[in-house]
Structures are given as C-alpha cells and as structure tokens.
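Student: Below are the sequence and a predicted model for it; my questions follow.
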Amino acid sequence: MDPISTIAQEVKDELERITDLSALEKFRVKYLGKKGAITNLLRSMGTLNKEERPVFGKRVNDLSKEVEEKLIAKETELKNKARAFQLRLETVDVTLPGRSPNLGHRHPIKQVMEEIETIFLNMGYTVAEGFEVEDDYHNFEALNIPKDHPSRDMQDTFWITDDVLIRTHTSSVQTRIMEKQKPPIRIISPGRVYRCDDDVTHSPMFHQVEGLVIDKDITFGDLKWTLTLFLKELFGEEREVRFRPSYFPFTEPSCEVDVSCFACGGKGCRLCKHTGWIEILGSGLVHPNVLKNVGYDPKELGGFAFGIGIERIAMLRYGIDDIRLFFESDMRFLRQF
Ligand code: DAH
C-alpha cells in the first residue's frame with residue numbers, strides 16, 4: 001500500500017477508538033500538527049518528480065480535509081455525550097413536593113403579650129414604655145414601698161448602685177406615667193423585669209404587663225368589671241373569675257385575681273393544685289400615698305392598677321413546667337408555638 005492509503009487506514013481505526021476529548025487532541029497533533037503524519041506527507045512532495053506531484057498533492061490535501069471534518073464531527077459527538085451525561089446527573093424532578101422555606105414566628109412570650117395588648121387596646125388603652133434601669137424612687141419609694149420592705153432585699157433586687165437597680169416589676173412605670181401625663185390615664189405597659197431568683201418556675205429575667213387607670217370617680221367596680229372582661233377574653237367566656245383580698249403597698253384595698261382552672265374547669269387537678277382556681281394577677285385601687293407622691297389630690301382623683309406575669313400565663317396555658325425553656329432558644333421547643 002502507498003503511504004497515503006496507510007495513513008488513511010490508521011486514521012480511520014484510531015478515530016473509532018477515541019472516547020474523550022484529550023485523546024482527540026493528541027490524535028489531531030499526531031496527524032495534522034506541525035510534525036504530524038499528514039503534514040510530513042506534504043513536505044515529502046519535494047522528493048517526487050513533476051508528474052507525480054499534482055496527483056500526490058491532491059490526494060494528501062483531500063485526506064487532510066477529510067481528517068479535519070472527521071475531527072470536528074468527533075469533537076461534536078464527544079461534547080454532546082458529555083453534556084447528556086451531565087444533564088442526567090443534574091436532573092431535577094419538578095414533580096417532587098417543594099421544600100418550604102423556614103419561616104420564623106413570634107416567641108410564645110411575645111405572643112401572649114400581644115394578645116393582652118390587643119385586648120386592652122380594644123378597650124381604649126394605650127401602650128406605655130418604661131425604663132428597665134430604674135432608680136430606687138420609682139421602683140420602690142414612690143410606690144409606698146417602705147425602706148425595710150423585704151422586696152428591697154439584696155436577695156430579690158439586682159442593685160447597680162445604692163440608688164440604681166434593674167426594675168423588679170413594671171409597677172415602676174406607674175409614677176413615671178403619672179408624673180408626665182394628665183389624667184384621665186388609661187395605659188398598659190409590658191416589659192422585662194428582674195429578680196434574683198432562679199428555679200423551674202422563676203427566672204432572673206421575666207415579663208410583666210402593668211395596667212393603670214386614673215380618673216375621677218373610679219371605684220372597685222370599675223376594677224372588677226375591667227379585669228373580669230379581660231380575663232374572659234384571654235381565657236374564654238366560660239371561665240369564672242374570683243377576687244381575693246391581698247396586700248400590696250401601692251394599692252388599697254388590694255386583691256389577687258383567680259380564674260377557674262382551665263385544665264379541669266374547677267373540679268380540681270394537678271395544675272390548680274386541687275383548688276379549682278388559678279392565680280393570675282395582682283391588683284387594687286391606687287394607694288392615696290402613691291397619688292400624693294405625684295402631686296394628685298386623692299380626694300379628687302383615684303384609680304386602679306394591676307400587674308400580670310406573662311411567663312406564668314404562658315406556662316399554664318401551654319402546660320410548660322420549666323420556665324427556663326422559654327429562654328434557651330431551643331428551636332425544637334419554640335417551633336411548637
Ligand atoms: N408589682 C406586683 C408584682 O410584681 C404586681 C402588682 C400587684 C401590680 C398589684 C399592680 C398591682 O399594679 O396593683 O408582684
């Protein structure tokens with residue numbers, strides 16, 4: 001066989017066996033490169049005589065063109081194969097159910113707080129803000145809490161200096177509001193409070209909502225009516241509400257308010273410690289000394305106040321027996337609400 005036919009045969013055989021692009025590139029260099037077999041054939045033309053040259057040249061050129069075309073065809077074929085393989089790897093089944101994005105939601109404590117706020121906003125109250133860092137005067141003195149009262153003890157209060165503390169209750173907003181706002185006053189004030197206390201039902205930081213109403217001719221009847229309405233809104237129309245005499249330095253008379261147990265309906269169970277009742281909040285008519293402290297005349301103006309612990313409400317409602325769960329940021333716990 002002559003060299004052109006030999007090379008043509010080689011090219012055919014080799015090309016069939018090529019399965020990837022890098023082998024194809026080696027193939028191109030081997031035949032069409034500067035020192036490639038076909039290029040060498042063209043160079044060897046000088047050794048031929050005049051008559052042979054045109055025929056030989058045409059055959060080599062034809063072969064060269066043919067190999068180039070085959071190369072392009074092979075390259076396209078290999079690229080298509082690679083792409084088809086890639087596509088199969090990355091196939092997306094659009095009929096599968098989608099993954100829903102992780103939506104956050106309000107913390108259970110915030111949820112209860114907002115429920116309480118909504119009820120009072122609907123009754124015409126406004127929401128007031130207080131300070132978490134307070135002075136002795138607004139947290140204790142102005143609220144008629146005497147110097148030797150146990151709640152001032154180091155055991156209960158986080159003192160910052162002799163005079164400054166982080167508030168132990170939201171009642172500290174009462175006199176702050178009365179000092180700057182003219183009656184009639186009708187506010188609630190939700191927020192964080194702090195006490196040196198830490199066990200399954202006490203956290204050093206927890207939340208309260210304070211309520212304060214100041215106007216002419218406010219009676220205990222107004223207090224009873226307001227809180228009964230509020231508690232039935234919060235816990236259900238079927239709840240019984242009970243007012244028990246109690247003592248707070250800043251109210252006179254004072255009471256604690258219970259609702260019939262929402263687990264057993266009043267028959268008695270573990271949740272209500274077999275009393276049928278659950279204590280919800282503290283309240284009373286604003287003490288005349290508190291009114292005098294902000295320059296009001298107790299003969300002219302009066303009012304009522306109440307304070308409610310949010311964690312307690314959330315724990316009772318959701319059957320949670322460890323207050324610390326609220327503040328550990330464990331998503332498995334929080335996602336349930
Ligand atoms: N400040 C009280 C506490 O932290 C709760 C309270 C009781 C608030 C009676 C009041 C009230 O406004 O009238 O235990």
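Tutor: Cool, got the structure. Predicted model, so just to flag it, every value in this text is computed and none were measured. Residues are numbered from 1 along each chain as shown.

Student: what about the closest residue to the ligand within the stretch 51-200 of the chain, how many neighbours?
Tutor: Closest residue of the stretch 51-200 of the chain to the ligand, Cβ to the nearest ligand atom: H169 (3.4 Å). Quick note: C-beta positions are derived from backbone N, CA and C, even for glycine. If you count neighbours by other Cβ atoms under 10 Å, H169 ends up with 24.

Student: Leaving out chain neighbours, which residue sits closest to it?
Tutor: Setting aside the residues directly before and after it, H169 is nearest to V193 in space (Cβ to Cβ, 6 or more residues apart in numbering), at 5.4 Å.

Student: returning to what we had before: would you enumerate the residues in contact with the residue of the stretch 51-200 of the chain closest to the ligand?
Tutor: Neighbour list for H169: 139, 193, 208, 210, 307 [criterion: Cβ atoms under 8 Å, 6 or more residues apart in numbering].

Student: Any chance of the backbone angles for the last one?
Tutor: The phi and psi values for G307, taken as degrees, to the nearest 10, are phi -140, psi 140.

Student: Test my guess that it contacts H207.
Tutor: No: the pair G307 / H207 is not scored as a contact, 11.0 Å apart, by Cβ atoms under 8 Å.

Student: Sketch out the low-pLDDT regions of the stretch 1-150 of the chain for me.
Tutor: Residue ranges of the stretch 1-150 of the chain with pLDDT under 70: 1.

Student: Strands of that one, residue ranges please.
Tutor: Secondary structure of the stretch 1-150 of the chain (DSSP state E, counting those that start in this stretch): strands at 126-127, 133-135.

Student: can the ones you listed go into CSV with extra columns for mean neighbour count?
Tutor: Listed next are these as CSV, based on neighbours: other Cβ atoms under 10 Å:
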stretch, mean neighbour count
strand 126-127, 12
strand 133-135, 16
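
Student: Compute the first-to-last residue distance for stretch 148-164.
Tutor: In stretch 148-164, first residue to last residue: 17 Å (Cα to Cα, to the nearest Å).

Student: List of residues touching it?
Tutor: Outside stretch 148-164, the residues that reach it (Cβ under 8 Å, 6+ apart) are 133-136, 140, 145, 165-166, 168, 194-197, 204, 249.

Student: do that again at 7 Å, thanks
Tutor: Outside stretch 148-164, the residues that touch it by Cβ atoms under 7 Å, 6 or more residues apart in numbering are 133, 135-136, 140, 145, 165-166, 168, 194-196, 249.

Student: Tell me the residues of the stretch 151-300 of the chain that contact the ligand?
Tutor: 169, 171, 210, 248, 251, 282-284 (Cβ under 6 Å from any ligand atom).

Student: per the record, what domains does the chain have?
Tutor: For the chain, automatic domain parsing gives the domain ranges 2-89, 108-334.
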